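Asker: mind looking at a prediction? Sequence and model below.
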Amino acid sequence: MSVDAPDGLPTLTTRDGVARIHLNRPRQHNRFEPADVDALAAMLNQLDRDRAVRVLVVKASGPSFSAGFNIGSIGSAGSFEQAFAFNRLCDQLECLRMPTICALNGSVYGGATDFALACDLRIGVHKSHMMMPPARLGIQYGYGGLRRYVERLGLSAAKRLILTGETIDAETMLAIGFLSELLAPDLLDERADTLAASVAARAPDALRGLKASLNAIARGSADPGEIHDRFVAAFTTRNAQEGLLAWKEKRPPLFADD
């Protein structure tokens, strides 16, 4: 499956259970325009309905991953609703049923840092930077993004980045947990493909339940009984039976789409 788009808009392709969204405004450092937000929201809705897709990789073109939402439009007619739509997009990405991998080819700023934090795994390259500027601009930021900063990075790092608006380098991004891996630029695509293939080989129903449980625990909304029931019920699924049998037979499991 592929979804073509006019020049500048993100593109979506899928193959062998792996979906890839590509940000495509390199000359604007992949700044998110309202049209991009609408296109991405439609793509995520499509992916959530496609049971053959097991993992999503988000990538970008050019020297930067993204300069964030186009703050130059804030204050114009409809701009607040556009900003709200971007916040909703990040929430939608976080709640996508499948695991998500963000492959940051360069620096990331503003709301794009939230977009990346909404992904489950983030890998990046040396000599990249990140910065979150609301305090420098005299504005606030939405609940979902602030929650993700605290959940993913911890309160201390979240306060450091959001209250100071300082720019940090790739090594610091790795140290605070914004990145899980730091790579040479020429190795990024290969590593993203390897991670995606590894996730795509796992049981999709198990991944969906585990991701939902982990996210709920992180945000403090987990129901222990619900997670226990999910654990017990999983043993009766076709994929669990295949996984356990494959373990005994010392062979790779062949998991079915759920």
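Answerer: Everything's here; your move.
Asker: what comes up buried for stretch 124-141?
Answerer: Residues of stretch 124-141 classed as buried by neighbour count (16 or more other CB atoms under 10 Å): Gly124, Val125, Ser128, His129, Met130, Met131, Met132, Pro133, Pro134, Tyr141. C-beta here means a position set from N, CA and C on the backbone, and glycine is covered the same way.
Asker: what residues are up against the residue nearest to the last one when sequence neighbours are not counted?
Answerer: Okay, so that is Tyr141. Here the nearest residue to Tyr141 in space, its sequence neighbours aside, is Pro134; by CB to CB, 6 or more residues apart in numbering that works out to 4.8 Å. Residues in contact with Pro134 (CB atoms under 8 Å, 6 or more residues apart in numbering) are Gln140, Tyr141, Ile162, Gly165.
Asker: and Gln140, that's in a helix?
Answerer: No: applying DSSP: H, G, I helix; E, B strand; the rest coil, one finds Gln140 to be coil, outside a helix.
Asker: which residue packs closest to Met131, ignoring adjacent ones?
Answerer: According to CB to CB, 6+ apart, the nearest residue to Met131 is Thr167 (4.2 Å).
Asker: ok, how many other residues are close to that neighbour?
Answerer: As a burial measure, Thr167 scores 14 neighbours (other CB atoms under 10 Å).
Asker: where's it relative to His129, distance?
Answerer: Going from Thr167 to His129 by CB to CB, to the nearest Å gives 5 Å.
Asker: could you do Glu226 as well?
Answerer: Distance, Glu226 to His129, by CB to CB: 40 Å.
Asker: can you check Arg54 too?
Answerer: Per CB to CB, Arg54 is found 32 Å from His129.
Asker: ditto for Arg25
Answerer: Arg25 sits 19 Å away from His129, going by CB to CB.
Asker: could you do Leu9 as well?
Answerer: 26 Å.
Asker: again with Ile217
Answerer: For Ile217 relative to His129 (CB to CB), the value is 31 Å.
Asker: and what of Phe231?
Answerer: 41 Å.
Asker: so which residue is dead centre in the protein?
Answerer: The centroid of the chain falls nearest to Cys119 when counting by CA atoms, centre = their mean (1.9 Å).
Asker: looks to me like it is in a helix.
Answerer: No: under three-state DSSP, Cys119 sits outside any helix and is assigned coil.
Asker: specify the beta-bridge partners of Met130.
Answerer: Val108, Ile168 (DSSP bridges).
Asker: hey, where'd the helices end up in the stretch 1-150 of the chain?
Answerer: Assigned by DSSP state H, counting those that start in this stretch, the stretch 1-150 of the chain shows helices spanning 34-49, 79-94, 111-117, 134-137, 143-153.
Asker: can you tell which of those helices is closest to Lys250?
Answerer: When these are compared by CB to CB, helix 34-49 sits nearest Lys250, at 33.7 Å.
Asker: show me where pLDDT drops low in the stretch 51-200 of the chain?
Answerer: Within the stretch 51-200 of the chain, the stretches with pLDDT under 70 are 72-79.
Asker: what about stretch 131-143, how long is it end to end?
Answerer: From the first residue to the last, stretch 131-143 extends over 18 Å; the measure is CA to CA, to the nearest Å.
Asker: packing partners for the helix or strand containing Lys159?
Answerer: For Lys159, the enclosing helix or strand under DSSP states H and E is helix 155-164. When contacts are defined as 3 or more CB pairs under 8 Å, 6 or more residues apart in numbering; DSSP states H and E, helix 155-164 packs onto helix 134-137, helix 143-153.
Asker: nearest to Asp38, of the ones you listed?
Answerer: Nearest of these (CB to CB): helix 143-153, 18.2 Å.
Asker: can you list contacts of the closest one?
Answerer: Contacts of helix 143-153 (CB under 8 Å, 6+ apart): 87, 90-91, 94, 111, 114, 117-118, 132, 157-158, 161-162, 176-178, 218-219.
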